[in-house]
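[1] Below are the sequence and a predicted model for it; my questions follow.
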2 protein chains.
Amino acid sequence: MEQQTEIQESIAALQGFRVGVANAGLKRDAAALDVALIVSEVPCAAAGMFTTNRVQAAPVLVDQAALAAGADAIRAVVVNAGCANACTGAHGLANAHATQAHIAAHLGAQPAQVLVMSTGVIGTQLPMDKLLRGIDTAGGALNNDWDTAARAIMTTDTRPKLAAVQVQTEHGTYQIVGIAKGAGMIAPNMATMLGVIATDAQLDAPTAQALLRAVSARTFNCVVVDGDMSTNDTVLLLANGASGVPAGVEFAEALEGVCADLAQAIVRDGEGVTKFITLVVLGATDAAAARQIGNTIATSPLVKTAFYGGDPNWGRIIAAAGRAGVPFDPDQAILTLADAEGMTSLRLFADGQPTDYDEAAAKALMQHAELIITLHCGDGDGTATLWTCDLSHDYVSINGHYRS
Amino acid sequence: MEQQTEIQESIAALQGFRVGVANAGLKRDAAALDVALIVSEVPCAAAGMFTTNRVQAAPVLVDQAALAAGADAIRAVVVNAGCANACTGAHGLANAHATQAHIAAHLGAQPAQVLVMSTGVIGTQLPMDKLLRGIDTAGGALNNDWDTAARAIMTTDTRPKLAAVQVQTEHGTYQIVGIAKGAGMIAPNMATMLGVIATDAQLDAPTAQALLRAVSARTFNCVVVDGDMSTNDTVLLLANGASGVPAGVEFAEALEGVCADLAQAIVRDGEGVTKFITLVVLGATDAAAARQIGNTIATSPLVKTAFYGGDPNWGRIIAAAGRAGVPFDPDQAILTLADAEGMTSLRLFADGQPTDYDEAAAKALMQHAELIITLHCGDGDGTATLWTCDLSHDYVSINGHYRS
């Protein structure tokens, strides 16, 4: 409740940004909101993190080009749901460019000052008439209702993802507001997630890019829903400086707070998720090995279905670690299961064999909706923390019939 | 029907091997068969392929040592279901050694002439009293009922896997008989599968090992159920020479036929499987890249749930190929969907965009229980063929509550 109040106060105080939404008829539910437009009154310093999939959707290609052309003068971002504009060839690229040009003309700006994001079904062309009409509607009713903007970019999400913070410095106060969409196909490289973070702090573009890269590595890139990685993943940071307050040393931490809130919200609202797992890997040979072990555990269907069933089947976790392709010695490993508050903790596996833990206690612990699993691998320096979830019947239902 | 007749005739003709089974009370269903013993009257040349998981179960370690000590004089293999004897430390290793010694004493052989295999829950110790009593029962009633032996090693399998062939050569006739268990956790490296192949052909141990390695690469290592890899995977080949007929150049092909039958049977009986997919990757930069692309597609939960839903959501296949971590250019890719007989074939994606295929026809094709999906990646030489399946509600049910 207190957090909600802080979010709303931060949004109300955010200067120089306006948002608008529309129902362009792009989703299966033809009455749903599906377009969000974010406009800054003045040019922004901008940064972006994009999917590392070799198949990159048209908006990803267009935004990378726009940021390369001028990351210090971005005026707007438009997001559409319902169609990903991915695997759409030259036609899809032309549609993304036409979208940029349409918005730029309204703003009296250049096309490269507009960024575009799309999410939804892969392999269908954008219905441009509908989309441009929707953009006009959104642009005609700009306000500061970021909550509704977060709703407009949802696909299989069940709730909007919104985070915001006010930062007081000796030079004054600035705000950071972020929205995101996630749900399925969330791998450690931001798969199928879109995020836009707006701040009225003063920041230059190269610093924005460096900060967004570092913070994404510890937030958006630490979430694993199903191990798939989308063609469209993008997180954008826009800084318009409208508060007149420079971003100081405190900015990175504030940005990380907003990004961590959004990233965790994505996992909690993952497709069919019933359990939220914080997976901590310690003592691996190096950070990359720790991450590889964590990622292999977090994407294992056997591990994820055991989470769903509330079964303390820790052998599957050890087996997943063993096939991660990096050094792992089960005789040195220690596996611990704890509740989210760390009030109850059980050591399940050590010295290469099960401990004499109480099976009933382990089973009771596994019924918690949030768990912390810690795997000590040995005496290396490599650590990684991932946020992941279970694999449920509903995940199969949602993804078995997503397009139908 | 004809095939069944050939299997039974081959089994009846197989010389010098005897099998026995028992109910030792190791499974949750205490009345189920759970021990199979295979004994050769004379020492066999033997070969083994084992899991590449860094966590290797006690029987895997013991068998590798036994084959290293003397792969030309193996007398018996014992398989138990219900307990994997994995993650069981020194105690588990001692239990595997005790099992070897118990059988060796009965045969008047050395412990290293006996191979052991275990499958079932990870992280519990073998109940040795029950197991040894079961082995005695099995050894006391040896016969040639390989079908029942195949039943005894099942875990979540719904049907036994048995394949056999008679091979006529200018020197006479020999037989190859194989049994396997699979079901879940089947990755391209034989995960959670156990297989025993017995032949009465004459073969030396180094040749047996080379052939089993080559044939496994094209059969057992081409199946993907869920991408997990177990701590116990093992395929053994035993050749006792009892037919008096030397294995000639035709042996490799005959062995591959038996192994392919078993491997495909494992996928068809994968946990919750409703669809059998042959995935062909062509034109990748090299064979490893082709395999990596195929494996990424075959393990993608989004691809697998779309198969389950009968949804021709080919964009997920292209997106999975793009994140495989090897060169992949969507503008060069061509994706084709066909039924198992190749009677109907639809080109879905080419030139970086969807073709003008008929959506209703694609949807109708996706309702087939068996499909062939072909992905041309470009003009490279790399090819790979994988056998995989869908991800269904039943997979989640089975694995969410396996231990409970």
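    Received the coordinates, thanks.
[2] residue boundaries of the helices in the stretch 101-250 of chain A?
    With DSSP state H, counting those that start in this stretch, the ranges of helices along the stretch 101-250 of chain A come out as A:128-139, A:146-152, A:205-218.
[3] Tell me where the stretch 301-404 of chain A is predicted with low confidence.
    Low-confidence segments of the stretch 301-404 of chain A (pLDDT under 70): A:401-404.
[4] please redo it, this time with the cut-off set to 90
    For the stretch 301-404 of chain A, the stretches with pLDDT under 90 are A:301-313, A:315-316, A:319, A:323, A:325, A:340-344, A:351, A:389-404.
[5] just the strands in it please.
    Using DSSP state E, counting those that start in this stretch, the strands of the stretch 301-404 of chain A run over residues A:334-339, A:345-350, A:353-354, A:370-376, A:382-389.
[6] Can you list the strands that the fourth one pairs with?
    Strands flanking strand A:370-376 in the sheet, each with its direction: strand A:276-284 (parallel), strand A:334-339 (antiparallel) (DSSP bridges).
[7] With the third one instead?
    According to DSSP bridges, the neighbouring strands of strand A:353-354, each with its direction, are strand A:345-350 (antiparallel).
[8] Not counting sequence-adjacent ones, nearest residue to A:Val235?
    Of all residues not flanking A:Val235 in the chain, A:Gly195 sits nearest, at 4.1 Å (CB to CB, 6 or more residues apart in numbering or on different chains). The C-beta positions use only the backbone N, C-alpha and C, and glycine is treated the same way.
[9] need the strands paired with strand A:370-376 in CSV with distance to B:Ala150, can you?
    What follows is those, written out as CSV (distance: least, CB to CB, whole Å):
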stretch, distance to B:Ala150
strand A:276-284, 38
strand A:334-339, 34
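[10] Tabulate those strands (JSON lines), appending mean neighbour count and distance to A:Pro312.
    Shown next, in JSON lines, are the strands paired with strand A:370-376 (neighbours: other CB atoms under 10 Å in any protein chain shown; distance: least, CB to CB, whole Å):
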{"stretch": "strand A:276-284", "mean neighbour count": "21", "distance to A:Pro312": "13"}
{"stretch": "strand A:334-339", "mean neighbour count": "20", "distance to A:Pro312": "7"}
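[11] what does the stretch 1-150 of chain A have sitting close to chain B?
    A:52-56, A:84, A:86-92, A:121-124 (CB under 8 Å from any CB of the partner chain).
[12] if I look at the spatially most distant residue from the centre of chain A, how far off is A:Leu346?
    What lies farthest from the middle of chain A is A:Asp356; by CA atoms, centre = their mean that is 39.4 Å. In this structure, A:Asp356 and A:Leu346 are 11 Å apart, going by CB to CB, to the nearest Å.
[13] show me what contacts the residue of the stretch 51-200 of chain A found nearest chain B?
    Closest to chain B within the stretch 51-200 of chain A is A:Ile122: 2.5 Å, counting by CB to the nearest CB. A:Ile122 makes contact with A:Ala57, A:Ala84, A:Ala86, A:Cys87, A:Thr231, B:Asn313, B:Gly315, B:Arg316, B:Ile318, B:Ala319 under the criterion CB atoms under 8 Å, 6 or more residues apart in numbering or on different chains.
[14] How many residues are close by the closest residue to it other than its chain neighbours?
    Leaving out its chain neighbours, the residue that sits closest to A:Ile122 by CB to CB, 6+ apart is B:Gly315, at 2.5 Å. Under the neighbour criterion other CB atoms under 10 Å in any protein chain shown, B:Gly315 is assigned a count of 28.
[15] Which secondary structure state does the closest residue to A:Leu238 other than its chain neighbours sit in?
    In this structure, A:Leu238 finds its nearest non-sequential neighbour in A:Cys44, 4.2 Å apart by CB to CB, 6+ apart. The local conformation at A:Cys44, judged by DSSP: H, G, I helix; E, B strand; the rest coil, is strand.
[16] just the strands of the stretch 301-404 of chain A: most buried one?
    Mean neighbour count (mean count of other CB atoms under 10 Å in any protein chain shown) peaks for strand A:382-389 among the strands of the stretch 301-404 of chain A, with a mean of 22.
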